[in-house]
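> predicted model follows, preceded by the sequence.
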Amino acid sequence: VQLVESGGGSAQAGGSLRLSCAVSGHSDCMGWFRQAPGKEREGVAAVDSNGATSYADSVKGRFTISHDAAKNTVDLQMDSVNVEDGGTYSCAAGSPPCELHGQFNSWGQGTQVTVS
């Protein structure tokens, strides 16, 4: 599985950004992760092949992960962003069970998100 992210950039606090991950191949579990400078990578959201989703507590109600089967992309809609949402966002493909702390073994190169 090959993954290519796009859509990163800058936003003001309270604004929105949309990230997209183009997927070559198939995976039963897709996730978005982020890593801020000096911090460990953390799982943000995941979606399985049935459309079931899971979110980190810090983004629940603000972020939405979705899979566009026609385009084979996995998107992350980020609303009401705050400074703590900044970092490098990467999408990843994994195996069931589709959990944020699950097994992800294919990674994209990452896209930068800055919130000011």
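Okay, I see it. Residues are numbered from 1 along each chain as shown.

> spit out the contact partners of residue 14.
80, 81, 82 (C-beta atoms under 8 Å, 6 or more residues apart in numbering). All C-beta atoms are positioned from the backbone trio N, CA, C, and that covers glycine.

> from residue 42, how far out is the nearest residue to the first one once chain neighbours are set aside?
Among residues not flanking residue 80 along the chain, residue 62 sits closest, at 4.7 Å (C-beta to C-beta, 6 or more residues apart in numbering). For residue 62, the distance to residue 42 equals 15 Å [C-beta to C-beta, to the nearest Å].

> now do residue 2
Residue 2 is 23 Å from residue 42, by C-beta to C-beta.

> neighbour count winner among the two?
More crowded of residue 2 and residue 42, by other C-beta atoms under 10 Å: residue 42, with 15 against 10.

> so the more buried one touches residue 33, yeah?
Yes - counting by C-beta atoms under 8 Å, residue 42 touches residue 33, with 6.6 Å between them.

> now do the phi/psi pair for the residue positioned nearest the centre of the chain.
Nearest to the mean C-alpha position of the chain, by C-alpha atoms, centre = their mean, lies residue 32 at 2.3 Å. Dihedral angles phi and psi of residue 32 (degrees, to the nearest 10) take the values phi -120, psi 130.

> which residues touch it?
19, 21, 43-46, 65, 74, 76, 89-92.
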